[in-house]
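Enquirer: Got a sequence here, can you build the structure:
(one chain, ligands or ions: 1)
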Amino acid sequence: MAKKIFSGVQPTGNLHLGNYLGAIKNFVELNNEKENECVFCVVDLHAITSKQDPKELKDNILETVATFVASGINPKKSIIFNQSSVSAHSEVAWILSCIARMGWLNRMTQFKEKAGKDKEKASVGLYSYPVLMAADILLYDSTHVPVGDDQKQHLELCRDIAQKFNNDFNVYDFFKVPEPLIKKEFSRVMSLKDGSKKMSKSELSDQSRINLTDSDDQIINKIKKAKTDPLPMPSNINELDKRLEAKNLLGIYSSLTDNTLENSVKKFSKMNFSDFKEQLAKELVDKISPISIEIKKLLKDKDYLNKILLEGSEKASDIASKKVKKIHEIMGF
Ligand code: AQP
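Expert: Numbering: from 1, shown residues only. Got it, this is the predicted structure:
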């Protein structure tokens, strides 16, 4: 069945293996299914929920587009654009913030994690970010949203907002209630330094993540130094919940090779970590290196990347403005 896909990535630099395996790899697969209509957004309005340097933000927007294309998203088939170029996103976010309830937002764990102890100093935008995300998704009548596991709660909020709007205004099925597309088995790539923490762009240690622009040597070194435990490789999948670093590395291997975790456990059962790491590094270099080379090549042609954004913005504006017109009618504006 044809799906309407929407997803976004923040242009906050350091795009990493977690972004790739949790999101972008799925974008490519969905883009390749002939009947799907895909919209992939560089969510620059989300990026400014924490302070951004304007020059770096501009560069990071283009780097995110380059990463999409280098990973295999075809800009002729999918819409690629940046969020701030379609003003409907901000407008509808305001309208939906009058639908969403404080109690719902207060439950969002990502805000609690990102705001940390000093909630008073977090921006209002960081708090209301999931409402903007709902606007992004609902504007395009999206049926499916491919995201990493960390976004599951925001997707549930988006569904609640859509349903409340439809009920409040008696407009059955006006906002489509989207389904999350989250990999079942390995949906969260963890830090190479700590198997209990998400691999993240903002983590200070570069050793904690594989960046999509890392060289082969950097990838090999980071895997060599990745944290493990003193035991040989697990021989049973049930051991993994207690051996988080082994679980993460085996998960990365399985995801890269499109294999199940169970098969990977069998394959490397009782092996030394160093032998396994050699094979993992080889797999990573095989998959990430061509992307890294292509990103660097594309970044030399900024005109091409800007053209993709411009064409994408026009197409996205066209869809979004029609939806906004209908929202205005429903609201009585
Ligand atoms: N570690 C991860 N494992 C699986 N999926 C992940 N994603 C991010 N990290 C992981 C998924 O990547 C998509 C784009 O993420 P984003 O750039 O919009 O925002 P993020 O989740 O805030 O990324 P980071 O790296 O975690 O940034 P910081 O350091 O700022 O917190 C999303 O689909 C996300 O699920």
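Enquirer: all strands for the stretch 51-200 of the chain, in order.
Expert: 79-82, 144-146, 179-181 (DSSP state E, counting those that start in this stretch).
Enquirer: Which strands or helices does the second one pack on?
Expert: Strand 144-146 sits against strand 4-9, helix 25-32, strand 179-181, with contacts defined as 3 or more Cβ pairs under 8 Å, 6 or more residues apart in numbering; DSSP states H and E. (Glycine included, C-beta is placed from N, CA and C.)
Enquirer: Tell me which of the ones you listed lies nearest to the ligand.
Expert: strand 4-9 (4.2 Å; Cβ to the nearest ligand atom).
Enquirer: Dump the helices and strands packed on strand 144-146 into CSV; add mean neighbour count and distance to the ligand as well.
Expert: CSV is the format used below for the helices and strands packed on strand 144-146 (neighbours: other Cβ atoms under 10 Å; distance: least, Cβ to the nearest ligand atom, whole Å):
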stretch, mean neighbour count, distance to the ligand
strand 4-9, 23, 4
helix 25-32, 18, 9
strand 179-181, 17, 10
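Enquirer: show me the contacts for residue 292.
Expert: 70, 212-215 (Cβ atoms under 8 Å, 6 or more residues apart in numbering).
Enquirer: Return the closest of those residues with respect to residue 307.
Expert: Distance to residue 307 across these (Cβ to Cβ) is lowest for residue 70, with 16.0 Å.
Enquirer: What's the separation between the residue of the stretch 51-200 of the chain found nearest the ligand and residue 98?
Expert: Residue nearest to the ligand within the stretch 51-200 of the chain: residue 148 (2.3 Å; Cβ to the nearest ligand atom). From residue 148 across to residue 98, the span is 29 Å (Cβ to Cβ, to the nearest Å).
Enquirer: how about the residues of the protein near the ligand?
Expert: Residues of the chain lying close to the ligand (Cβ under 6 Å from any ligand atom) are 9-10, 12, 18-19, 22-23, 147-148, 150-151, 188-189, 198-202.
Enquirer: Now list the buried members of those residues.
Expert: For these, a burial check counting by 16 or more other Cβ atoms under 10 Å picks out 9-10, 12, 18-19, 22-23, 147-148, 150-151, 188-189, 198-200.
Enquirer: Can you tell me which of the residues you listed is closest to residue 91?
Expert: Closest approach between these and residue 91, by Cβ to Cβ: residue 10, at 20.4 Å.
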